[in-house]
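Chemist: Predicted coordinates and the sequence they were generated for:
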Amino acid sequence: MSNNSIELKIENNVAWISLNRPEVFNSFNREMAFLLQETLDNCENDTYVRAIVITGNGKAFCAGQDLKEVTDPELNPGFRKILEEHYNPIIQKIRNIEKPIIGAVNGVAAGAGANIALACDIVVASENASFIQAFSKIGLIPDSAGTFFLPRLIGFQKATALMMLGDKVSAVEALNMGMIYKIFPTGLFDEEVMTLATTLAQMPTKAIGLTKRLLNQSMTNNLEQQLALESDLQIEASSSNDYKEGVTAFVEKRKPEFKGN
């Protein structure tokens, strides 16, 4: 599947989703937001897909909202629609799809683009990538769940400063403050990301999905609620075919061949 603003390539159980408006640093317009949602839905429902990568074509990952759209009276859908129909559903889909999603930040990730990346399960960056909470530069507030995830990743004080000041954060700085998982060399970025994604795609997808559900719930559960949910989901995981394969492979001293169910 390919179209003007989103590209999708599927191989080795990995769906590689590329934001494809490089001429505007992959900034979002209404069409691209809806196409990304549709693509994520398709990846969720495709049983062959066991891991998802979101990245950008060209020099940028995503520069956030296309300001041309919001400053053109004929194009502007209004901020309520932009948030409730574009970005909020994208974030919810990223968090609720029970498959591992990698945010592969190949260049600048600004505004909503940065926060979409940070909503992914595992965030990696090329060595020339950067992250910017650019909202304050134009008199806006952080959206796309930035105020939810960033303080939890790097702490309240640091997140507050980055959001208020709009500082540019390099890949190395992002790694050091715990914002991202790893940095890969620019020339090897796609190869390293695919290796990571393929590794995840060969793991027990059912258990990984349940782990993701637990992590989501841990944001609001108290200890007793989380322990109860762990018990319920461990029982569900232990009834999976992948659990049976994992135990059998351990006893037989061989590498397990997980099927994702």
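Modeler: Nice, I can see it.

Chemist: the strands in this protein, which residues?
Modeler: With DSSP state E, the ranges of strands along the chain come out as 6-11, 14-19, 51-56, 60-62, 101-105, 108-110, 122-126, 130-132, 168-170, 182-184.

Chemist: Mind giving me the packing neighbours of the last one?
Modeler: Based on contacts counted as 3 or more C-beta pairs under 8 Å, 6 or more residues apart in numbering; DSSP states H and E, the elements that strand 182-184 packs against are strand 122-126, helix 171-176. Every C-beta, even on glycine, is put in place using the N, C-alpha and C of the backbone.

Chemist: now for the strands of the chain, which one comes closest to Ile82?
Modeler: strand 60-62 (14.4 Å; C-beta to C-beta).

Chemist: which residues are in contact with that closest one?
Modeler: Residues from elsewhere that reach strand 60-62, judged by C-beta atoms under 8 Å, 6 or more residues apart in numbering: 19, 22, 25-28, 55-56, 104-110, 112-114, 116-117, 129.

Chemist: quick one: which of the helices and strands packed on strand 182-184 is nearest Met194?
Modeler: Nearest of the helices and strands packed on strand 182-184 (C-beta to C-beta): strand 122-126, 11.2 Å.

Chemist: Report the mean confidence score over the closest one.
Modeler: Across strand 122-126, pLDDT averages out at 98.

Chemist: Kindly report the same for stretch 81-101.
Modeler: 97.

Chemist: got it, and stretch 211-227?
Modeler: 98.

Chemist: What residues of it count as buried?
Modeler: 211-214 (16 or more other C-beta atoms under 10 Å).

Chemist: Span of it from start to end?
Modeler: 13 Å (C-alpha to C-alpha, to the nearest Å).

Chemist: just so I have it, where are all the helices in this structure?
Modeler: With DSSP state H as the definition, the chain shows helices at residue ranges 30-45, 67-71, 79-81, 88-96, 112-118, 146-154, 156-165, 171-176, 189-201, 205-218, 223-238, 241-251.

Chemist: sorry, back to before: closest one to Asn45 among the strands of the chain?
Modeler: Per C-beta to C-beta, nearest to Asn45 of these: strand 14-19, 11.2 Å.

Chemist: And the average pLDDT for that closest one is what?
Modeler: On average, strand 14-19 scores 98.

Chemist: contacts for it?
Modeler: Outside strand 14-19, the residues touching it (C-beta under 8 Å, 6+ apart) are 5-10, 26, 32, 36, 39-40, 43, 46, 49-57, 61-62, 194, 197-198, 201.

Chemist: about what we covered before: narrow the contacts of strand 60-62 to just the buried residues.
Modeler: Among the contacts of strand 60-62, the ones that count as buried (16+ other C-beta under 10 Å) are 19, 25-28, 55-56, 104-110, 112-114, 116-117, 129.

Chemist: Please list the residues outside the lowest-mean-pLDDT helix or strand in the chain that contact it.
Modeler: One helix or strand of the chain scores below all others by mean pLDDT, DSSP states H and E: helix 67-71, with a mean of 92. Residues from elsewhere that reach helix 67-71, judged by C-beta under 8 Å, 6+ apart: 24, 27, 29-30, 75-77, 79, 82, 138.

Chemist: Make a markdown table from those residues and add distance to Val123 to it.
Modeler: Below are these laid out as a markdown table (distance: C-beta to C-beta, whole Å):
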| residue | distance to Val123 |
| --- | --- |
| Val24 | 23 |
| Ser27 | 19 |
| Asn29 | 24 |
| Arg30 | 26 |
| Leu75 | 31 |
| Asn76 | 31 |
| Pro77 | 28 |
| Phe79 | 26 |
| Ile82 | 23 |
| Ile138 | 24 |
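
Chemist: Emit the ChimeraX select command for whichever of the residues you listed are buried.
Modeler: Only the buried entries of the contacts of helix 67-71 go into this ChimeraX selection, using 16+ other C-beta under 10 Å:
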select :24,27,29,30,82
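
Chemist: middle-most residue in this protein, spatially?
Modeler: Cys120 (2.3 Å; C-alpha atoms, centre = their mean).

Chemist: That one against Ile97, yeah?
Modeler: No - using C-beta atoms under 8 Å, Cys120 is not in contact with Ile97, being 10.4 Å away.
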